[in-house]
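>>> Starting from these lines, generate the structure:
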Amino acid sequence: MASTLRQRAASPAGEAEKKALIREAEQDELTEGQKFIVPDYTVKQLLDAIPAHCYKRSALHSSLYVLQDFALLGALVYGAFHIESFLSRFNLGTYAYYAARAALWTAYSVSAGLVGTGVWIIGHEAGHQAFSSSKTINNTVGWFLHSLVLVPYHSWRISHGRHHAATGHMTRDEVFVPRTRQERGYPEVKHDSEVQGLSVPAWRQAELAEALGESPIVSLFNLVLQQVFGWPMYLFRNASGQLHYPAYTNHFQPSSVIFRPSHYWQILVSDLGVIMALAALGTWGYFRGFREVLVVYIIPYLWVNNWLVMITFLQHTDPVLPHYSDKSWTFARGALATIDRKFMGPIGPYILHGICETHVSHHVSSKIPHYNAWEATEALKNFLGPHYHCTDTNFLATAFRNYHECRFVEDNQDIVFFKNARGVAQKVGVEDAGNISDSGIDMSPVDKEGKAE
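Have a look, this model is predicted:
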(Lines give C-alpha, C1' and ligand atoms only; values in the text may rest on other atoms or scores of the structure.)
Protein backbone atom coordinates (compact mmCIF):
# COMPACT_ATOMS: atom_id res chain seq x y z
CA MET A 1 0.00 0.00 0.00
CA ALA A 2 2.94 2.30 0.48
CA SER A 3 3.49 4.71 -2.36
CA THR A 4 6.34 6.85 -3.50
CA LEU A 5 6.47 10.37 -4.90
CA ARG A 6 8.46 10.78 -8.05
CA GLN A 7 9.62 14.07 -9.52
CA ARG A 8 8.29 14.64 -12.99
CA ALA A 9 11.73 14.47 -14.57
CA ALA A 10 11.87 10.81 -13.56
CA SER A 11 8.40 9.92 -14.89
CA PRO A 12 8.15 7.25 -17.63
CA ALA A 13 7.09 8.14 -21.17
CA GLY A 14 3.47 9.24 -21.33
CA GLU A 15 3.20 10.02 -17.62
CA ALA A 16 3.18 13.78 -18.22
CA GLU A 17 0.38 13.42 -20.78
CA LYS A 18 -1.58 11.24 -18.38
CA LYS A 19 -1.17 13.78 -15.61
CA ALA A 20 -2.38 16.58 -17.88
CA LEU A 21 -5.54 14.62 -18.70
CA ILE A 22 -6.16 13.94 -15.02
CA ARG A 23 -5.71 17.63 -14.22
CA GLU A 24 -8.23 18.58 -16.90
CA ALA A 25 -10.72 16.11 -15.45
CA GLU A 26 -10.14 17.46 -11.94
CA GLN A 27 -10.68 20.99 -13.17
CA ASP A 28 -14.01 20.06 -14.73
CA GLU A 29 -15.11 18.52 -11.43
CA LEU A 30 -14.29 21.60 -9.34
CA THR A 31 -17.18 23.69 -8.09
CA GLU A 32 -16.93 27.46 -8.22
CA GLY A 33 -16.61 27.53 -4.43
CA GLN A 34 -13.55 25.29 -4.58
CA LYS A 35 -11.67 27.35 -7.15
CA PHE A 36 -9.23 30.01 -6.06
CA ILE A 37 -8.47 32.14 -9.10
CA VAL A 38 -4.86 33.18 -8.64
CA PRO A 39 -4.70 37.01 -8.79
CA ASP A 40 -2.39 38.53 -11.35
CA TYR A 41 -2.32 42.21 -10.43
CA THR A 42 0.70 44.48 -10.39
CA VAL A 43 1.52 46.61 -7.36
CA LYS A 44 0.83 49.72 -9.42
CA GLN A 45 -2.68 48.53 -10.23
CA LEU A 46 -3.46 47.99 -6.57
CA LEU A 47 -2.05 51.35 -5.51
CA ASP A 48 -3.84 53.15 -8.35
CA ALA A 49 -7.16 51.69 -7.19
CA ILE A 50 -6.91 53.67 -3.94
CA PRO A 51 -7.81 57.40 -3.99
CA ALA A 52 -4.74 59.62 -3.68
CA HIS A 53 -5.95 61.45 -0.55
CA CYS A 54 -6.00 58.16 1.38
CA TYR A 55 -2.20 58.25 1.42
CA LYS A 56 -2.08 61.58 3.30
CA ARG A 57 -0.62 61.28 6.81
CA SER A 58 -1.19 63.84 9.56
CA ALA A 59 0.68 63.93 12.85
CA LEU A 60 -2.10 66.03 14.39
CA HIS A 61 -4.88 63.72 13.25
CA SER A 62 -3.00 60.65 14.40
CA SER A 63 -2.16 62.23 17.76
CA LEU A 64 -5.86 62.66 18.51
CA TYR A 65 -6.20 58.89 18.62
CA VAL A 66 -3.30 58.66 21.05
CA LEU A 67 -5.06 61.17 23.28
CA GLN A 68 -8.30 59.21 22.93
CA ASP A 69 -6.66 55.97 23.98
CA PHE A 70 -4.87 57.46 26.99
CA ALA A 71 -8.02 59.29 28.09
CA LEU A 72 -9.90 55.99 28.00
CA LEU A 73 -7.10 54.22 29.88
CA GLY A 74 -7.00 57.01 32.45
CA ALA A 75 -10.75 56.77 33.01
CA LEU A 76 -10.55 53.00 33.37
CA VAL A 77 -7.66 53.16 35.86
CA TYR A 78 -9.46 55.86 37.84
CA GLY A 79 -12.54 53.65 37.99
CA ALA A 80 -10.46 50.64 39.01
CA PHE A 81 -8.96 52.51 41.96
CA HIS A 82 -12.45 53.34 43.17
CA ILE A 83 -14.04 49.90 42.86
CA GLU A 84 -13.89 49.19 46.60
CA SER A 85 -15.18 52.63 47.60
CA PHE A 86 -18.00 52.32 45.06
CA LEU A 87 -19.11 48.93 46.39
CA SER A 88 -18.96 50.17 49.98
CA ARG A 89 -21.99 52.34 49.23
CA PHE A 90 -24.13 49.25 49.02
CA ASN A 91 -25.11 46.98 51.86
CA LEU A 92 -23.79 43.80 50.24
CA GLY A 93 -23.23 40.51 51.95
CA THR A 94 -19.74 39.05 52.01
CA TYR A 95 -20.20 36.73 49.03
CA ALA A 96 -22.11 39.33 47.02
CA TYR A 97 -19.39 41.88 47.70
CA TYR A 98 -16.56 39.64 46.52
CA ALA A 99 -18.54 38.53 43.48
CA ALA A 100 -19.27 42.14 42.52
CA ARG A 101 -15.64 43.15 43.08
CA ALA A 102 -14.38 40.26 40.96
CA ALA A 103 -16.86 41.17 38.19
CA LEU A 104 -15.80 44.83 38.17
CA TRP A 105 -12.07 44.02 38.20
CA THR A 106 -12.63 41.55 35.36
CA ALA A 107 -14.52 44.19 33.38
CA TYR A 108 -11.65 46.60 34.00
CA SER A 109 -8.94 44.17 32.88
CA VAL A 110 -10.77 43.16 29.70
CA SER A 111 -11.59 46.79 28.83
CA ALA A 112 -8.08 48.03 29.61
CA GLY A 113 -6.66 45.17 27.56
CA LEU A 114 -8.71 46.22 24.55
CA VAL A 115 -7.72 49.89 24.88
CA GLY A 116 -4.10 48.82 25.45
CA THR A 117 -4.30 46.87 22.21
CA GLY A 118 -5.39 50.09 20.54
CA VAL A 119 -2.26 51.78 21.93
CA TRP A 120 -0.18 48.92 20.50
CA ILE A 121 -1.86 49.39 17.12
CA ILE A 122 -1.01 53.10 17.01
CA GLY A 123 2.61 52.18 17.80
CA HIS A 124 2.45 49.60 15.03
CA GLU A 125 1.21 52.29 12.66
CA ALA A 126 4.12 54.52 13.65
CA GLY A 127 6.46 51.65 12.83
CA HIS A 128 5.02 51.60 9.33
CA GLN A 129 5.66 55.36 9.06
CA ALA A 130 1.90 55.91 8.76
CA PHE A 131 1.55 58.06 11.89
CA SER A 132 2.98 61.15 10.16
CA SER A 133 5.23 62.19 7.29
CA SER A 134 8.14 62.64 9.72
CA LYS A 135 10.32 59.61 10.38
CA THR A 136 11.58 61.18 13.60
CA ILE A 137 8.04 61.69 14.94
CA ASN A 138 7.00 58.21 13.87
CA ASN A 139 9.90 56.44 15.55
CA THR A 140 9.70 58.54 18.71
CA VAL A 141 5.98 57.90 19.14
CA GLY A 142 6.34 54.24 18.20
CA TRP A 143 9.23 53.66 20.62
CA PHE A 144 7.33 55.30 23.48
CA LEU A 145 4.02 53.50 22.88
CA HIS A 146 5.54 50.09 22.27
CA SER A 147 7.90 50.34 25.23
CA LEU A 148 4.84 50.92 27.43
CA VAL A 149 3.48 47.51 26.38
CA LEU A 150 6.92 45.82 26.60
CA VAL A 151 7.53 45.58 22.86
CA PRO A 152 11.07 46.18 21.52
CA TYR A 153 9.97 48.80 19.00
CA HIS A 154 12.65 48.82 16.30
CA SER A 155 13.28 45.09 16.60
CA TRP A 156 9.65 44.27 15.97
CA ARG A 157 9.33 47.06 13.38
CA ILE A 158 12.11 45.47 11.33
CA SER A 159 10.83 41.90 11.52
CA HIS A 160 7.28 43.10 10.84
CA GLY A 161 8.52 44.98 7.80
CA ARG A 162 10.01 41.71 6.57
CA HIS A 163 6.61 40.10 7.06
CA HIS A 164 4.97 42.76 4.91
CA ALA A 165 7.66 42.38 2.26
CA ALA A 166 6.99 38.64 1.99
CA THR A 167 3.43 38.02 3.17
CA GLY A 168 2.19 34.58 2.20
CA HIS A 169 5.67 33.41 1.10
CA MET A 170 6.34 29.91 2.39
CA THR A 171 10.05 30.42 3.04
CA ARG A 172 10.37 34.17 3.62
CA ASP A 173 7.35 35.24 5.65
CA GLU A 174 8.08 35.94 9.31
CA VAL A 175 5.03 34.90 11.32
CA PHE A 176 2.31 32.23 11.32
CA VAL A 177 4.12 30.37 8.57
CA PRO A 178 2.15 27.19 7.72
CA ARG A 179 3.84 23.93 8.63
CA THR A 180 4.01 21.36 5.86
CA ARG A 181 3.08 17.69 6.03
CA GLN A 182 6.75 16.77 6.29
CA GLU A 183 7.52 19.41 8.93
CA ARG A 184 4.62 18.16 11.03
CA GLY A 185 5.82 14.57 10.66
CA TYR A 186 2.43 13.55 9.30
CA PRO A 187 1.88 10.35 7.25
CA GLU A 188 3.10 10.48 3.67
CA VAL A 189 0.70 10.87 0.76
CA LYS A 190 -0.91 7.56 -0.25
CA HIS A 191 -3.50 8.69 -2.76
CA ASP A 192 -3.12 11.23 -5.57
CA SER A 193 -6.25 13.11 -4.47
CA GLU A 194 -4.48 14.06 -1.24
CA VAL A 195 -2.29 16.58 -3.04
CA GLN A 196 -5.29 18.81 -3.78
CA GLY A 197 -7.28 17.61 -0.81
CA LEU A 198 -10.71 18.13 -2.37
CA SER A 199 -11.80 14.52 -3.02
CA VAL A 200 -9.84 12.46 -0.52
CA PRO A 201 -11.42 8.98 -0.24
CA ALA A 202 -13.29 8.21 2.95
CA TRP A 203 -10.87 5.41 3.84
CA ARG A 204 -7.92 7.76 3.63
CA GLN A 205 -9.71 10.52 5.57
CA ALA A 206 -10.36 8.01 8.33
CA GLU A 207 -6.70 6.97 8.40
CA LEU A 208 -5.50 10.56 8.61
CA ALA A 209 -8.09 11.48 11.23
CA GLU A 210 -6.94 8.58 13.40
CA ALA A 211 -3.31 9.63 13.03
CA LEU A 212 -3.76 13.40 13.25
CA GLY A 213 -7.06 13.86 15.02
CA GLU A 214 -7.17 16.14 18.03
CA SER A 215 -10.17 16.44 20.32
CA PRO A 216 -11.86 19.85 20.59
CA ILE A 217 -10.82 20.00 24.26
CA VAL A 218 -7.16 19.50 23.38
CA SER A 219 -7.43 22.08 20.59
CA LEU A 220 -8.97 24.57 23.00
CA PHE A 221 -6.22 23.97 25.56
CA ASN A 222 -3.49 24.45 22.94
CA LEU A 223 -5.25 27.55 21.64
CA VAL A 224 -5.24 29.04 25.15
CA LEU A 225 -1.51 28.34 25.42
CA GLN A 226 -0.98 30.10 22.08
CA GLN A 227 -3.01 33.09 23.23
CA VAL A 228 -1.22 33.47 26.56
CA PHE A 229 2.36 32.66 25.55
CA GLY A 230 2.39 33.10 21.76
CA TRP A 231 3.47 36.75 21.68
CA PRO A 232 6.38 36.56 24.16
CA MET A 233 7.48 33.24 22.61
CA TYR A 234 7.58 34.90 19.19
CA LEU A 235 9.71 37.73 20.55
CA PHE A 236 12.03 35.45 22.56
CA ARG A 237 12.36 32.39 20.31
CA ASN A 238 10.65 33.01 16.96
CA ALA A 239 7.61 30.81 17.69
CA SER A 240 5.45 30.43 14.53
CA GLY A 241 8.29 31.86 12.42
CA GLN A 242 10.59 30.20 9.89
CA LEU A 243 11.94 26.81 10.96
CA HIS A 244 15.13 27.27 8.95
CA TYR A 245 16.20 30.18 11.19
CA PRO A 246 18.84 29.34 13.83
CA ALA A 247 17.58 28.03 17.15
CA TYR A 248 16.45 30.71 19.59
CA THR A 249 16.27 33.46 17.00
CA ASN A 250 14.84 36.40 18.93
CA HIS A 251 14.05 40.11 18.87
CA PHE A 252 16.51 41.22 21.54
CA GLN A 253 19.94 40.32 20.17
CA PRO A 254 21.45 42.58 17.49
CA SER A 255 23.20 39.49 16.07
CA SER A 256 19.89 37.76 15.35
CA VAL A 257 19.44 36.59 11.76
CA ILE A 258 16.43 38.88 11.50
CA PHE A 259 18.62 41.98 11.60
CA ARG A 260 21.43 43.53 9.60
CA PRO A 261 24.62 44.92 11.21
CA SER A 262 23.33 48.44 10.55
CA HIS A 263 20.41 47.75 12.90
CA TYR A 264 22.69 47.25 15.92
CA TRP A 265 21.95 50.45 17.81
CA GLN A 266 18.25 50.37 16.96
CA ILE A 267 17.98 46.95 18.63
CA LEU A 268 19.79 48.18 21.73
CA VAL A 269 17.56 51.27 21.94
CA SER A 270 14.54 48.97 21.67
CA ASP A 271 15.88 46.78 24.47
CA LEU A 272 16.46 49.91 26.57
CA GLY A 273 12.81 50.92 26.16
CA VAL A 274 11.63 47.55 27.48
CA ILE A 275 14.14 47.64 30.34
CA MET A 276 13.00 51.12 31.34
CA ALA A 277 9.36 50.02 31.33
CA LEU A 278 10.20 46.98 33.48
CA ALA A 279 12.16 49.20 35.85
CA ALA A 280 9.16 51.50 36.17
CA LEU A 281 6.91 48.52 36.93
CA GLY A 282 9.39 47.29 39.53
CA THR A 283 9.50 50.70 41.18
CA TRP A 284 5.72 50.87 41.16
CA GLY A 285 5.51 47.44 42.79
CA TYR A 286 8.14 48.33 45.40
CA PHE A 287 6.28 51.40 46.61
CA ARG A 288 2.67 50.34 46.01
CA GLY A 289 2.76 46.56 46.21
CA PHE A 290 2.82 43.79 43.63
CA ARG A 291 -0.93 43.19 43.82
CA GLU A 292 -1.67 46.67 42.46
CA VAL A 293 0.75 46.17 39.57
CA LEU A 294 -0.80 42.77 38.90
CA VAL A 295 -4.42 43.88 38.68
CA VAL A 296 -3.86 47.31 37.12
CA TYR A 297 -1.14 46.47 34.57
CA ILE A 298 -0.11 42.80 34.26
CA ILE A 299 -3.53 41.21 33.76
CA PRO A 300 -4.59 43.82 31.15
CA TYR A 301 -1.16 43.34 29.53
CA LEU A 302 -1.91 39.62 29.14
CA TRP A 303 -5.20 40.56 27.47
CA VAL A 304 -3.24 42.76 25.06
CA ASN A 305 -1.03 39.78 24.20
CA ASN A 306 -4.12 37.65 23.68
CA TRP A 307 -5.72 40.04 21.23
CA LEU A 308 -2.48 40.62 19.32
CA VAL A 309 -1.96 36.91 18.76
CA MET A 310 -5.58 36.21 17.89
CA ILE A 311 -5.86 39.14 15.49
CA THR A 312 -2.62 38.31 13.69
CA PHE A 313 -3.41 34.60 13.60
CA LEU A 314 -6.79 35.18 11.97
CA GLN A 315 -5.45 37.73 9.51
CA HIS A 316 -3.20 35.11 7.93
CA THR A 317 -4.62 31.71 8.88
CA ASP A 318 -7.77 30.55 7.14
CA PRO A 319 -8.75 27.67 4.83
CA VAL A 320 -9.53 30.14 2.02
CA LEU A 321 -6.17 31.96 2.11
CA PRO A 322 -3.30 30.81 -0.13
CA HIS A 323 0.40 30.62 0.56
CA TYR A 324 2.92 30.65 -2.25
CA SER A 325 6.25 29.13 -3.16
CA ASP A 326 9.11 31.35 -4.28
CA LYS A 327 8.24 30.48 -7.88
CA SER A 328 4.63 31.69 -7.69
CA TRP A 329 4.82 34.48 -5.09
CA THR A 330 4.57 38.15 -5.99
CA PHE A 331 4.16 41.10 -3.66
CA ALA A 332 0.65 41.76 -4.98
CA ARG A 333 -0.41 38.15 -4.43
CA GLY A 334 1.01 38.19 -0.92
CA ALA A 335 -0.73 41.46 -0.08
CA LEU A 336 -4.06 39.94 -1.08
CA ALA A 337 -3.40 36.73 0.90
CA THR A 338 -5.05 38.14 3.99
CA ILE A 339 -8.61 38.72 5.10
CA ASP A 340 -10.72 41.49 6.63
CA ARG A 341 -12.85 40.51 9.64
CA LYS A 342 -15.39 42.20 11.88
CA PHE A 343 -14.24 42.50 15.50
CA MET A 344 -17.01 42.66 18.10
CA GLY A 345 -19.21 45.34 16.60
CA PRO A 346 -18.00 48.89 17.33
CA ILE A 347 -14.96 47.74 19.33
CA GLY A 348 -12.97 46.89 16.20
CA PRO A 349 -13.49 50.22 14.40
CA TYR A 350 -13.30 52.53 17.41
CA ILE A 351 -11.07 50.84 19.98
CA LEU A 352 -8.79 48.75 17.75
CA HIS A 353 -8.68 51.40 15.02
CA GLY A 354 -9.96 49.10 12.28
CA ILE A 355 -6.92 46.80 12.27
CA CYS A 356 -9.17 43.79 11.64
CA GLU A 357 -11.63 45.41 9.23
CA THR A 358 -9.07 47.08 6.92
CA HIS A 359 -6.16 44.66 6.90
CA VAL A 360 -6.15 44.00 3.16
CA SER A 361 -5.60 47.68 2.37
CA HIS A 362 -2.96 47.77 5.10
CA HIS A 363 -0.99 45.10 3.26
CA VAL A 364 -1.40 46.83 -0.09
CA SER A 365 0.09 50.00 1.40
CA SER A 366 1.11 50.01 5.06
CA LYS A 367 1.72 53.78 5.02
CA ILE A 368 -1.99 54.51 4.77
CA PRO A 369 -3.12 55.76 8.21
CA HIS A 370 -5.94 53.79 9.81
CA TYR A 371 -8.45 56.65 9.56
CA ASN A 372 -8.04 56.61 5.77
CA ALA A 373 -7.91 52.83 5.47
CA TRP A 374 -11.71 52.58 5.49
CA GLU A 375 -12.06 54.45 2.21
CA ALA A 376 -9.05 52.61 0.79
CA THR A 377 -10.71 49.32 1.70
CA GLU A 378 -13.93 50.22 -0.10
CA ALA A 379 -11.97 51.22 -3.19
CA LEU A 380 -10.03 47.96 -3.19
CA LYS A 381 -13.19 45.97 -2.56
CA ASN A 382 -14.79 47.47 -5.65
CA PHE A 383 -11.66 47.00 -7.73
CA LEU A 384 -10.77 43.46 -6.68
CA GLY A 385 -14.20 41.85 -6.68
CA PRO A 386 -13.79 38.15 -5.79
CA HIS A 387 -10.08 38.63 -5.08
CA TYR A 388 -10.97 40.63 -1.96
CA HIS A 389 -11.34 38.46 1.14
CA CYS A 390 -13.66 39.44 3.98
CA THR A 391 -15.97 37.75 6.45
CA ASP A 392 -18.30 38.69 9.28
CA THR A 393 -18.20 35.34 11.07
CA ASN A 394 -17.88 35.42 14.86
CA PHE A 395 -14.30 36.34 15.72
CA LEU A 396 -13.86 34.11 18.75
CA ALA A 397 -15.58 31.09 17.21
CA THR A 398 -13.48 31.48 14.06
CA ALA A 399 -10.27 31.53 16.12
CA PHE A 400 -11.14 28.12 17.58
CA ARG A 401 -12.33 26.71 14.25
CA ASN A 402 -9.26 27.80 12.33
CA TYR A 403 -6.88 26.60 15.02
CA HIS A 404 -8.59 23.20 14.97
CA GLU A 405 -8.98 22.97 11.18
CA CYS A 406 -5.84 24.59 9.74
CA ARG A 407 -3.38 21.78 10.46
CA PHE A 408 -0.89 21.62 7.60
CA VAL A 409 -0.14 22.32 3.94
CA GLU A 410 1.45 20.07 1.34
CA ASP A 411 5.15 20.07 0.51
CA ASN A 412 6.54 21.02 -2.91
CA GLN A 413 3.54 22.88 -4.32
CA ASP A 414 3.49 26.34 -5.82
CA ILE A 415 0.18 27.35 -4.20
CA VAL A 416 -0.99 25.72 -0.97
CA PHE A 417 -4.07 25.86 1.23
CA PHE A 418 -4.53 24.63 4.77
CA LYS A 419 -5.93 21.15 5.28
CA ASN A 420 -7.70 19.72 8.29
CA ALA A 421 -6.85 16.53 10.18
CA ARG A 422 -8.67 14.49 7.52
CA GLY A 423 -6.43 15.93 4.79
CA VAL A 424 -9.28 17.93 3.27
CA ALA A 425 -8.79 21.42 1.81
CA GLN A 426 -11.46 23.95 0.88
CA LYS A 427 -9.70 25.55 -2.08
CA VAL A 428 -7.36 24.76 -4.95
CA GLY A 429 -5.41 27.33 -6.94
CA VAL A 430 -6.63 27.86 -10.51
CA GLU A 431 -4.74 30.05 -12.93
CA ASP A 432 -6.61 32.79 -14.74
CA ALA A 433 -6.59 30.67 -17.90
CA GLY A 434 -8.51 28.00 -16.02
CA ASN A 435 -5.64 25.58 -15.33
CA ILE A 436 -5.17 24.05 -11.91
CA SER A 437 -1.91 25.24 -10.38
CA ASP A 438 0.78 22.63 -10.92
CA SER A 439 2.41 21.01 -7.90
CA GLY A 440 5.33 19.59 -9.87
CA ILE A 441 4.80 16.19 -8.27
CA ASP A 442 3.63 12.91 -9.79
CA MET A 443 1.96 10.14 -7.87
CA SER A 444 2.35 6.41 -8.31
CA PRO A 445 -0.56 4.67 -10.09
CA VAL A 446 -3.63 3.79 -8.06
CA ASP A 447 -5.69 0.65 -8.05
CA LYS A 448 -9.39 0.40 -8.84
CA GLU A 449 -10.35 1.05 -5.21
CA GLY A 450 -8.43 4.32 -5.30
CA LYS A 451 -5.64 3.00 -3.08
CA ALA A 452 -2.01 3.36 -4.01
CA GLU A 453 -0.23 0.30 -5.32
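
>>> can we go C-alpha only for contacts and neighbour counts from here?
OK.

>>> ok, which stretches of the stretch 151-300 of the chain are helices?
153-165, 181-184, 193-196, 202-212, 216-237, 264-288, 290-293, 299-316 (DSSP state H, counting those that start in this stretch).

>>> How about the stretch 301-450 of the chain?
Going by DSSP H, counting those that start in this stretch, the stretch 301-450 of the chain shows helices at 331-335, 347-350, 359-364, 370-384, 395-405.

>>> Save the helices of the stretch 151-300 of the chain as JSON lines, and put in mean neighbour count too.
Converted to JSON lines, the helices of the stretch 151-300 of the chain look like this (neighbours: other Cα atoms under 10 Å):
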{"stretch": "helix 153-165", "mean neighbour count": "21"}
{"stretch": "helix 181-184", "mean neighbour count": "14"}
{"stretch": "helix 193-196", "mean neighbour count": "22"}
{"stretch": "helix 202-212", "mean neighbour count": "15"}
{"stretch": "helix 216-237", "mean neighbour count": "16"}
{"stretch": "helix 264-288", "mean neighbour count": "16"}
{"stretch": "helix 290-293", "mean neighbour count": "14"}
{"stretch": "helix 299-316", "mean neighbour count": "21"}
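
>>> following the top helix by length along the chain, which helix or strand shows up next?
In the chain, taking DSSP state H as the definition, the longest helix is helix 94-127. Later in the chain than helix 94-127, the nearest helix or strand by DSSP states H and E is helix 135-148.

>>> for that following helix, packing partners?
When contacts are defined as 3 or more Cα pairs under 8 Å, 6 or more residues apart in numbering; DSSP states H and E, helix 135-148 packs onto helix 94-127, helix 153-165, helix 264-288.

>>> And those helices: which comes nearest residue 347?
Closest to residue 347 of these, according to Cα to Cα: helix 94-127, at 8.3 Å.

>>> what inclination does the closest one have with respect to helix 370-384?
70 degrees (axes from the mean of the first three to the mean of the last three Cα atoms, to 10 degrees).

>>> Distance from helix 94-127 to the middle of the chain?
Offset of helix 94-127 from its chain centre (Cα atoms, centre = their mean, to the nearest Å): 22 Å.

>>> Name the residues of it that are buried.
97, 100-101, 104-105, 108-127 (16 or more other Cα atoms under 10 Å).

>>> For it, name the packing helices and strands.
Here helix 94-127 touches helix 59-81, helix 83-87, helix 135-148, helix 153-165, helix 299-316, going by 3+ Cα pairs under 8 Å, 6+ apart.

>>> Quick check: residue 234 touching residue 248?
No. With contact defined as Cα atoms under 8 Å, residue 234 does not count as touching residue 248 (9.8 Å).

>>> in which helix or strand would I find the residue located most distally from the centre of the chain?
Computed with Cα atoms, centre = their mean, the residue of the chain farthest from its C-alpha average is residue 91, at 47.6 Å. Using DSSP H and E, residue 91 sits in no helix or strand.

>>> residue ranges with poor pLDDT in the stretch 301-450 of the chain?
432-450 (pLDDT under 70).

>>> before we move on, the earlier item: give me whichever of the helices of the stretch 301-450 of the chain is most buried.
Highest mean neighbour count of those: helix 359-364, a mean of 25 (counted as mean count of other Cα atoms under 10 Å).

>>> that older thread, Serialize the helices and strands packed on helix 135-148 to JSON lines and add fields for distance to residue 135.
Output for the helices and strands packed on helix 135-148, formatted as JSON lines (distance: least, Cα to Cα, whole Å):
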{"stretch": "helix 94-127", "distance to residue 135": "9"}
{"stretch": "helix 153-165", "distance to residue 135": "13"}
{"stretch": "helix 264-288", "distance to residue 135": "14"}
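
>>> Any idea which of the helices of the stretch 151-300 of the chain gets closest to residue 76?
Between residue 76 and the helices of the stretch 151-300 of the chain, the tightest spacing by Cα to Cα is seen for helix 299-316, at 11.2 Å.

>>> other SSEs contacting that closest one?
helix 94-127, helix 216-237, helix 395-405.

>>> To residue 55, which of those helices lies closest?
Nearest of those (Cα to Cα): helix 94-127, 13.2 Å.

>>> Next, the angle helix 299-316 makes with the closest one.
50 degrees.

>>> orientation of helix 94-127 relative to helix 135-148 in degrees?
150 degrees.

>>> quick one: average pLDDT of helix 94-127?
Mean pLDDT, computed over helix 94-127, is 97.

>>> go on, stretch 58-78?
On average, stretch 58-78 scores 98.

>>> And it, what's buried?
62, 65-66, 69, 72-73, 76-77.

>>> CSV for the residues you listed, including distance to residue 416?
What follows is the buried residues of stretch 58-78, written out as CSV (distance: Cα to Cα, whole Å):
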residue, distance to residue 416
62, 38
65, 39
66, 40
69, 40
72, 43
73, 42
76, 45
77, 46
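
>>> of the residues you listed, closest to residue 366?
residue 62 (14.7 Å).

>>> From residue 380, how far off is the closest residue to the closest one other than its chain neighbours?
In space, and not counting its chain neighbours, residue 62 is closest to residue 131: 5.8 Å by Cα to Cα, 6 or more residues apart in numbering. As for residue 131, its distance to residue 380 is 22 Å (criterion: Cα to Cα, to the nearest Å).
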